[in-house]
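Peer 1: no sequence for this one, just the structure:
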């Protein structure tokens, strides 16, 4: 593998080349750090245009912003929420990361040694807020993008944003959509939904099972969010039924950690010298074309180790798969970003019948106080949660830029493997992610913590090259 | 050297033993991380008493609080300012750390690689605020200690604090004064001071030279603060005179870094494997009794290297010394905590006469618009800054506990070397710092960033041992 980590002449200032912080000597009317920072904040986006505008201030936008800051690329991150980290804080209250800490480090500021293995959402929220502050990012909270239009002649975007009630027009050269790789929440249109007398919302709007104690709840979907929300509702004393529409891969968290991740992302790996950076590099060095061949044996071992568990899950009616070629969770994640659950407890509830299950069916129609399934069953319901996933990221392009640009770019994410829900044709890398697309100067950025570090060097050096006229190939890949 | 780093049975949970962060499985009515934290914050100091109360939330109090948090010792830090870091933010605006970054790392969360060598005060303030938050410290801002009284029978303190206007009584077992090793600001009583028509304040209250452009200023003192403030006033166009009352050691920052610190605290040291932790350990392994013998040759080399600079400084009338035994800056720091300047630019202004100098004199009396010196000179003055240092830390004990306890404990800091301003007798370690004193259950804690990491392990394991009845020797030293 060949990968680029920095551009000669535009190295980051760190270690021996770090800034001095103060100019020793005596200089009339010198500016202090605080005065300079205050001035920069006052100017950027007002009298001075950002070179790069990042829409979305979750971990993706924040980390990209941090890297560009270190490369001296004037950048604004806009975020609709009030505080960095709110995109985590606002999720259902039981949420913890399903990936372990060794997999989650952000660049520059790794988590300390006592950081828990699975970060609770509010703790991650606080970390992101702190990170944004100490990395001195230009982060506009309470700001929403209203529209973006590219001028081919000036090679400049005209982006209209609403900043806490004030309309501001920005003219960046580069536009990054870091609005969540998952795209826009998808809620299926079901006849009768508008007549439902109970509560209904997409999983992204679910906060806690607390208010549904003693209520009858139906959760549509069988991925991570569906499982987490079902367990949360059960823990709060609700009567819960999961509607599993199609087969799902499940892997127990412990088994994944021990058989899948431990060689690269674990305390043992760290002890043997495989830091997260090295692990990311090793991971990135496997071409996507053959990656599944590395995964198939791992999931075979998991299937054997947890055979009894899977048997009980199947016995409860759960439609189980290991991916179409048996390559399991991570390949599903790369190909379609859905269709799996990292089991942290909900599967046991399903196996024991505590979470009720209706599988191989969908909701056909909704009545005032119930849902009717495709097999004719009618289930009473006070709450319907649609854990039905998200559209592709180009949906954000449609919303912010235009349908035309969204169509020109096409779907984001996926490899083109020919398996279900993986948009083709074969791509060789993740479709449209962190690379030039058919629309000049628009970038799609996002997803899990690990990828922030794998791709950021390659990607941000690309963004950095452009103002200096260094040509950028559209096959400038980390694979 | 023998040093203790942890207590068997009370190891910190880190690395392989770190917390999981979430309990996998399903548990009715489980508490989330946020709920548990909210409950702890609501209870501590109200229905549940802290084992340890730290008075003062600067870097000393914060780092001690972080360590005790990791050891599960219920602790409250109280701080009179509004935000962690304000004790830095509130200082004169040109202030930057005079020690380089390799010397300043806090435990658990080292500064990132791009952190500047000399941290500007507001940047350090933000870091401390972030640190307090992500280390989840119980930090009561806007809180002042009104009084503290020890009950020998219950072995408990009764501490009255004012928390943002509300009076609260706390009953900790251990009381830590982390109120600044420098103690209470010292302003000399000078006849006529109350009749002065201009502005006058202690250096700790000085904010910026901005408002003194074109004014005539007199700065009393010749240590770090005096030099920084003189330079700041000059940079803002004031007419400045420094009153140097006694001889002072000066070392150029670059020379100190290259000849004094580079072996242990530099990018080169880090590259050769000497991390800050290892450097601190090496540093701590030198007994104080012979430490000056290591320093004398360093300052000889500095004196040679910068001979021309020192000559010009002397020529301007500056009273220069290298310590009574030629051991320079750091020994002065350990012995008396005063009497030196790390030159970052002001000395050149003095040598060139841009900062005027009156040396070997003091202010005899103050008139409405001038000061009269002991040599009879009268200097006009619109501003007098008293950069006249601080009392000993036991002054805080006098203020908070009683004069009797302050006298029983005696002076804090210093080695008892027999040199000027170093309280005797010979101690072998820093007097009354981070160790049991003659007053049970009171501790003095503070000072520069580096020492936080040198002493914290030894010291906090001492604090930790006590609730478990593990005996504590009063010679449980890191030397």
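Peer 2: Cool, the structure landed. Just so it is clear, the model here is predicted, and its values are computed rather than measured. Numbers count the residues shown, from 1 in each chain, chains lettered A, B, ... in the order given.
Peer 1: Mind checking what secondary structure residue A:296 has?
Peer 2: helix (DSSP: H, G, I helix; E, B strand; the rest coil).
Peer 1: Show the contacting residues for whatever residue of the stretch 151-300 of chain A ends up closest to chain B.
Peer 2: Here the stretch 151-300 of chain A gets closest to chain B at one residue, residue A:267, 4.4 Å apart by CB to the nearest CB. The C-beta positions use only the backbone N, C-alpha and C, and glycine is treated the same way. Contact partners of residue A:267, counting by CB atoms under 8 Å, 6 or more residues apart in numbering or on different chains, are A:102, B:15, B:16, B:18.
Peer 1: Just give me the neighbour total for the last one.
Peer 2: Counted with other CB atoms under 10 Å in any protein chain shown, residues neighbouring residue B:18 total 18.
Peer 1: That one reaches residue A:112, doesn't it?
Peer 2: No: checked against CB atoms under 8 Å, the pair residue B:18 and residue A:112 is beyond contact range at 9.4 Å.
Peer 1: Among the contacts of residue A:267, which one has the most neighbours?
Peer 2: Neighbour-wise, the contacts of residue A:267 (other CB under 10 Å) top out at residue A:102, 25 neighbours.
Peer 1: Can you pull the phi/psi pair for that one?
Peer 2: phi -70, psi -20 (degrees, to the nearest 10).
Peer 1: Kindly report the same for residue A:256.
Peer 2: phi -60, psi -40.
Peer 1: And for residue A:372, the neighbour number?
Peer 2: Neighbours around residue A:372, by other CB under 10 Å: 17.
Peer 1: can you pull the contacts of the residue in the stretch 101-250 of chain A positioned nearest to chain B?
Peer 2: Closest contact between the stretch 101-250 of chain A and chain B, by CB to the nearest CB, is at residue A:116 (2.8 Å). Going by CB under 8 Å, 6+ apart, residue A:116 touches A:101, A:123, B:18, B:19, B:20, B:21, B:22.
Peer 1: For my notes, confirm it occurs in a helix.
Peer 2: No: counting by three-state DSSP, one finds residue A:116 to be coil, located in no helix.
Peer 1: Which one of the contacts of residue A:116 is nearest to residue B:108?
Peer 2: Nearest to residue B:108 among the contacts of residue A:116, counting by CB to CB, is residue B:18 at 12.0 Å.
Peer 1: Just to check, residue A:345 is in contact with residue B:30?
Peer 2: No: using CB under 8 Å, residue A:345 is not in contact with residue B:30, being 10.0 Å away.
Peer 1: Name the residue in those two with the higher neighbour count.
Peer 2: residue A:345 (21 against 17).
Peer 1: So which of the contacts of residue A:267 belong to strands?
Peer 2: For the contacts of residue A:267, not one is inside strands, with DSSP state E as the criterion.
Peer 1: and the stretch 151-300 of chain A, which residues reach chain B?
Peer 2: A:231, A:234, A:235, A:236, A:237, A:253, A:254, A:267, A:270 (CB under 8 Å from any CB of the partner chain).
Peer 1: Tell me the helices and strands packed up against whichever strand or helix holds residue A:159.
Peer 2: Using DSSP states H and E, residue A:159 falls within strand A:156-163. Applying 3 or more CB pairs under 8 Å, 6 or more residues apart in numbering or on different chains; DSSP states H and E, we find strand A:156-163 packed against strand A:143-151, strand A:166-170, strand A:174-177.
Peer 1: tell me the most buried of those?
Peer 2: Among the helices and strands packed on strand A:156-163, strand A:174-177 has the highest mean neighbour count (mean count of other CB atoms under 10 Å in any protein chain shown), at a mean of 26.
Peer 1: what does the average pLDDT come to for that strand?
Peer 2: The average pLDDT for strand A:174-177 rounds to 95.
Peer 1: what lines up beside that strand in the sheet?
Peer 2: strand A:52-55 (parallel), strand A:442-444 (parallel) (DSSP bridges).
Peer 1: For residue A:229, give me its contacts.
Peer 2: Contacts of residue A:229 (CB under 8 Å, 6+ apart): A:92, A:203, A:206, A:209, A:219, A:385, A:387.
Peer 1: swap in residue A:128?
Peer 2: A:58, A:59, A:62, A:84, A:85, A:88.
Peer 1: Kindly report the same for residue A:237.
Peer 2: A:213, A:214, B:28, B:29.
Peer 1: State the helix or strand in which it lies.
Peer 2: With DSSP H and E as criterion, residue A:237 is part of no helix or strand.
Peer 1: centre of the chain versus stretch A:319-333, how much separation?
Peer 2: Chain-centre distance of stretch A:319-333: 20 Å, with CA atoms, centre = their mean, to the nearest Å.
Peer 1: Now that stretch: buried residues?
Peer 2: By neighbour count on 16 or more other CB atoms under 10 Å in any protein chain shown, the buried set for stretch A:319-333 is A:320, A:321, A:322, A:323, A:326, A:327, A:328, A:329, A:330, A:331, A:332, A:333.
Peer 1: Stretch A:38-51 too?
Peer 2: Buried residues in stretch A:38-51 (16+ other CB under 10 Å): A:44, A:45, A:49, A:50, A:51.
Peer 1: Identify the residues contacting it?
Peer 2: By CB under 8 Å, 6+ apart, the list of residues contacting stretch A:38-51 reads A:31, A:73-76, A:138, A:140, A:168, A:170-174, A:467.
Peer 1: With stretch A:200-218 instead?
Peer 2: By CB under 8 Å, 6+ apart, stretch A:200-218 touches A:90-94, A:185-187, A:193, A:221, A:225-226, A:229, A:232-241, A:243, A:363, A:371, A:379-388, A:390.
Peer 1: First-to-last residue distance for it?
Peer 2: Start and end residues of stretch A:200-218 are separated by 9 Å (CA to CA, to the nearest Å).
Peer 1: and that stretch, what's its mean pLDDT?
Peer 2: Here the average pLDDT along stretch A:200-218 is 95.
Peer 1: Distance from it to the middle of the chain?
Peer 2: 23 Å.
Peer 1: repeat for stretch A:366-385
Peer 2: 31 Å.
Peer 1: Grab the nearest non-local neighbour of residue A:254.
Peer 2: residue B:24 (7.7 Å; CB to CB, 6 or more residues apart in numbering or on different chains).
Peer 1: How much space separates the one you found from residue A:75?
Peer 2: 39 Å (CB to CB, to the nearest Å).
Peer 1: Residue A:239 now?
Peer 2: 49 Å.
Peer 1: So for the two, which residue has more residues nearby?
Peer 2: Between residue A:239 and residue A:75, counting by other CB under 10 Å, residue A:75 is the more crowded of the two (26 against 19).
Peer 1: OK, contacts around that one?
Peer 2: Counting by CB under 8 Å, 6+ apart, residue A:75 has contacts A:50, A:51, A:52, A:53, A:54, A:65, A:68, A:69, A:137, A:138.
Peer 1: one more time with 6 Å
Peer 2: A:50, A:52, A:65, A:68 (CB atoms under 6 Å, 6 or more residues apart in numbering or on different chains).
Peer 1: Next step: those restricted to strands.
Peer 2: residue A:52.
Peer 1: so which of the contacts of residue A:75 would you say is closest to chain B?
Peer 2: For the contacts of residue A:75, the nearest to chain B is residue A:68 (13.0 Å; CB to the nearest CB).
Peer 1: Ignoring the adjacent residues along the chain, who's closest to that closest one?
Peer 2: residue A:75 (4.4 Å).
Peer 1: picking that back up, kindly present the contacts of residue A:128 as CSV, with separate columns for secondary structure.
Peer 2: As requested, the contacts of residue A:128 are arranged in CSV below (three-state DSSP):
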residue, secondary structure
A:58, coil
A:59, helix
A:62, helix
A:84, coil
A:85, coil
A:88, helix
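Peer 1: So of these, which two are at opposite extremes in space?
Peer 2: Most distant of those, by CB to CB, are A:62 and A:88, 11.4 Å apart.
Peer 1: So for the two, which sits in the more crowded spot?
Peer 2: Higher neighbour count among residue A:62 and residue A:88: residue A:62, with 26 against 23, using other CB under 10 Å.
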